[in-house]
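Student: Got a predicted model here, sequence first, then my questions.
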Amino acid sequence: MNQPLQSFINLVTFDQSLLALKENIQHAEQEIKTLHQESQRLEEHFEEQKKMLAQFRKQVDLLEREVKELSDQEREKKQLLDQVKNNKEYQLLMKDLEKVHQRQLESETSLLTAWNSLENAQQDVSKRRDQYEHQKSEMNAKIDERTQELAQLKEQLASRSNARKSFLEGIPVEWLQKYALMQSRVGNPVVPEKRGSCSACHVSIPAQDMTQLRHKALIQCRNCYRFLYSEES
């Protein structure tokens, strides 16, 4: 294989390693993004559970105030019973007292149900808090690990990109221009011929082109326009 072709193949091989690095960087960035999204969803779910717990507490507080107010009303009406002057007033107060007593029973029943719901919610949040903190810790550790890996990959890419200039020496400008154009279109712009065919699109190479390929060492496929070279040459 002549020197320009060897240099060109070395450049292609080097660029493939750069492409692999870039793909690894994209994969790491996507993985970090996904981890952040999962962490956000985990946090939002736990916050929703805490909001539900706060609603149960609010309901209990409201019912406790209601029960206290009804108890105060009951006490006041019992005190008024001692001050009534006739049977009519007494009967009216007794009806009011009965209504208050009925509302007390309903409120106390609702309060008991609310307390049970609050206690269950407290236990559930306490249990889920341990799970949340454990999962959050694991997720943060993964994010830190992937972030460090991403930084290392970017450092490698920057270093290798700077070294690319040394691979351009001895390669005809025309090859480099066509190569740059093909790079923007396909991921493998340079491929070897295999058994008289393009190893990328698998179209047979005409005999005339095969002769040129073995003598000139580098041609373009007439079908996919990739650079072709003969490993034998």
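Tutor: Looks like it came in fine.
Student: tell me which element the residue positioned nearest the centre of the chain is part of?
Tutor: When the chain is reduced to its mean C-alpha position, the nearest residue by CA atoms, centre = their mean turns out to be Thr34, at 2.0 Å. Under the criterion of DSSP states H and E, Thr34 resides in helix 3-81.
Student: same question, Pro192
Tutor: Judged by DSSP H and E, Pro192 forms part of strand 190-194.
Student: Can you give the contact residues for that strand?
Tutor: The contact list for strand 190-194 (CB atoms under 8 Å, 6 or more residues apart in numbering) reads 8-9, 12, 179, 182, 198-200, 205, 210, 213, 226-231. All C-beta spots, glycine's among them, are computed from the backbone N, C-alpha and C.
Student: what does stretch 8-28 give?
Tutor: Residues from elsewhere that reach stretch 8-28, judged by CB under 8 Å, 6+ apart: 1, 146, 149-150, 153-154, 156-157, 160-161, 164, 167-168, 171, 175, 179, 183, 187-190, 218, 227, 229.
Student: worst-scoring helix or strand of this protein, pLDDT-wise?
Tutor: None of the helices or strands of the chain scores lower by mean pLDDT, DSSP states H and E than helix 207-216, at a mean of 83.
Student: Skip ahead from that one and say which helix or strand is next.
Tutor: Per DSSP H and E, the first helix or strand lying C-terminal to helix 207-216 is strand 219-220.
Student: confidence score at Glu69?
Tutor: Looking at Glu69, its pLDDT is 94.
Student: Now for it: which residues touch it?
Tutor: Contacts of Glu69 by CB under 8 Å, 6+ apart: none found.
Student: now Trp115
Tutor: Val60.
Student: Return the distance of it relative to Asn140.
Tutor: Distance, Trp115 to Asn140, by CB to CB, to the nearest Å: 36 Å.
Student: Same check on Ala207?
Tutor: Per CB to CB, Ala207 is found 63 Å from Asn140.
Student: Could you chop the protein up by domain?
Tutor: Under the assignment automatic domain parsing, the domains of the chain span 18-167, 173-229.
Student: between the ones you listed, which gets the lowest average pLDDT?
Tutor: Among these, domain 173-229 carries the lowest mean pLDDT, at a mean of 87.
Student: Check the offset of it from the chain's centre.
Tutor: Distance, stretch centre to chain centre, for domain 173-229: 41 Å (CA atoms, centre = their mean, to the nearest Å).
Student: What separates the first and last residues of it, distance-wise?
Tutor: 17 Å (CA to CA, to the nearest Å).
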